[in-house]
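>>> this one's structure only:
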């Protein structure tokens, strides 16, 4: 059997390598870790979560939840590790990031058909291959991609993490929105406290980033200070919205609420939900210390911002994530223009399945566009002069012919139809017992 090369051991690369190996295809997985790291990476393990520890909603009334269930049914390594490392997060799937990475690293390194090579890729590989080096692709490989394909840039940001023991629990309360458990720490703000925080935030010093443009920030990872500059109440209607929450000390809904989500299984670390930022580290200590309960917060990690790179994929990649006109060369992950942890892994799953089937002489597989997997593939391959990275959404998935006014019931019907269509595919064809 011909050996395939996978560049990059992030979420997409690990998933792609796993899908190839499941189907009996030998894989050489090339990654710079542990000897080298990008500016956004800190740990030695594969599939490192560099921003939030949340993989977003796990409900079938949410497109992200549908995508996860489709991946579970497709034998996803990433979802198996996420389910095994889950931490409380209400209706979302959040993970202990160290355990998550550890489980994936162990599975990949121990698979007999996967050879791990520690080095930095110095150019585009010869087919059969999958390039999954992520949005921080740099060096000679980035030059090779730029020389051959048009690339676009945007900027991404990560939220800070604080220690639980440094949070003033007398000033916060545990709850999830609408009474769905008590998985979040909530820092309630009065209008005066919110205004003081807002004024400090919009006037705080930001870290200089070479070539940074405000308009190039991806909407889904907008720094909190950039969002605040849109207007005084932009945060109160955004990441600090108090809907579905009631302060037990007052019995009323606060004016605004900053939420903290558990970041590790031990429950000793919490991240500030929606607080991606490019503030300087001293500014983060000062400004975020104005949030009730965080006056003496100790930061286990400060928020950071980095450049992301993605292909102008329409016209470059097919719906199979294969380079048009170059049989056997695939791309996967955020570099394709999918946005988000789960979406990146999903693209790796699809690329791995497609390449394995091609190498084994099986007929091409088509993920229907009424599934989340197929809808994402259509997004990155359909001509669009204003192409931008996208999270999965029901707006990308084929609509229902019947009219269902109730949104939750409509989304449940879309999900049920998608899962029926996925189950009808012969995904297990070629998978080793």
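Happy to help now that I have it. Just so it is clear, the structure is predicted and the values come from calculations on it, not from any experiment.
>>> hey, where'd the strands end up in the stretch 101-250 of the chain?
Counting by DSSP state E, counting those that start in this stretch, the stretch 101-250 of the chain has strands at residues 114-118, 129-131, 151-158, 161-163, 173-174, 184-189.
>>> Can you say which of those is packed in most?
The highest average neighbour count among the strands of the stretch 101-250 of the chain, using mean count of other C-beta atoms under 10 Å, belongs to strand 129-131 at a mean of 29. Every residue, glycine included, has its C-beta placed from N, CA and C.
>>> pLDDT below threshold where in the stretch 151-300 of the chain?
155, 209-221 (pLDDT under 70).
>>> Secondary structure of residue 28: a strand, I assume?
Yes: under DSSP: H, G, I helix; E, B strand; the rest coil, residue 28 sits within a strand.
>>> Does it touch residue 119 like I think?
No: contact criterion C-beta atoms under 8 Å: residue 28 and residue 119 do not qualify, at 10.7 Å.
>>> For the nearest residue to residue 225 once chain neighbours are set aside, give me its contacts.
Closest residue in space to residue 225, ignoring its immediate chain neighbours: residue 201 at 5.4 Å, by C-beta to C-beta, 6 or more residues apart in numbering. Taking C-beta atoms under 8 Å, 6 or more residues apart in numbering, we find residue 201 in contact with 224-225, 228, 287.
>>> residue contacts, residue 56?
62, 64, 92-93, 340, 342.
>>> Please report phi then psi for residue 19.
With angles defined as degrees, to the nearest 10, residue 19 sits at phi -60, psi -40.
>>> Give me the pLDDT value at it.
The per-residue pLDDT reported for residue 19 equals 98.
>>> ok, it - contacts?
Contacts of residue 19 (C-beta under 8 Å, 6+ apart): 75, 348-349, 352-353, 356.
>>> which residues does the closest residue to it other than its chain neighbours contact?
Nearest-residue entry for residue 19: residue 352, 3.0 Å, with adjacent residues in sequence omitted and distances by C-beta to C-beta, 6+ apart. Going by C-beta under 8 Å, 6+ apart, residue 352 touches 15-20, 130, 332.
>>> same deal with residue 370?
397-398, 414, 417-418, 421.
>>> who wins for neighbours among those?
Counting neighbours by other C-beta atoms under 10 Å, the top entry in the contacts of residue 370 is residue 418, with 28 neighbours.
>>> Check the secondary structure at that one for me.
Per three-state DSSP, residue 418 ends up helix.
>>> gap between it and residue 13?
For residue 418, the distance to residue 13 (C-beta to C-beta, to the nearest Å) stands at 26 Å.
>>> Residue 56 should be in a strand, yeah?
Yes: counting by three-state DSSP, residue 56 is located in a strand.
>>> ok, it to residue 32 distance?
For residue 56, the distance to residue 32 - C-beta to C-beta - is 28 Å.
>>> Look at residue 306 and say how many residues are nearby.
Residue 306 is flanked by 17 other residues according to other C-beta under 10 Å.
>>> Chain neighbours aside, what residue packs nearest to the residue most central in space within the chain?
When C-alpha atoms, centre = their mean is applied to the chain, the residue found nearest the centroid is residue 341 (2.2 Å). Distances taken as C-beta to C-beta, 6+ apart place residue 55 nearest to residue 341, at 5.3 Å, with adjacent residues excluded.
>>> quick one: contacts for the one you found?
Per C-beta under 8 Å, 6+ apart, neighbours of residue 55: 64, 68, 82, 92-95, 341-342.
>>> contacting residues for the residue sitting furthest away from the middle of the chain?
Going by C-alpha atoms, centre = their mean, the residue of the chain most distant from its centre is residue 250, 36.3 Å out. By C-beta under 8 Å, 6+ apart, residue 250 lies in contact with residue 188.
>>> Kindly state the beta-bridge partners for residue 305.
residue 157 (DSSP bridges).
>>> My read is that it contacts residue 222, right?
No: between residue 305 and residue 222 there is no contact under C-beta under 8 Å: 10.8 Å.
>>> which residues are common contacts for the two?
In contact with both residue 305 and residue 222: 157, 276, using C-beta under 8 Å, 6+ apart.
>>> and stretch 288-295, how far out from the chain's middle?
27 Å (C-alpha atoms, centre = their mean, to the nearest Å).
>>> can you list contacts of it?
160, 162, 167-169, 171-172, 185, 187-189, 193, 196-197, 200, 258, 272, 275, 296-297.
>>> ok, of those residues, which come out buried?
160, 162, 167, 172, 185, 187-189, 193, 197, 200, 258, 272, 275, 297 (16 or more other C-beta atoms under 10 Å).
>>> and after the helix or strand containing the residue nearest to residue 19, which helix or strand comes next?
Assessed by DSSP states H and E, residue 352 sits inside helix 341-359. Next helix or strand after helix 341-359 toward the C-terminus (DSSP H and E): helix 372-381.
>>> what's that following helix packed up against?
helix 63-73, helix 341-359 (3 or more C-beta pairs under 8 Å, 6 or more residues apart in numbering; DSSP states H and E).
>>> Where do the helices of the stretch 51-200 of the chain begin and end?
63-73, 77-84, 97-110, 139-148, 191-202 (DSSP state H, counting those that start in this stretch).
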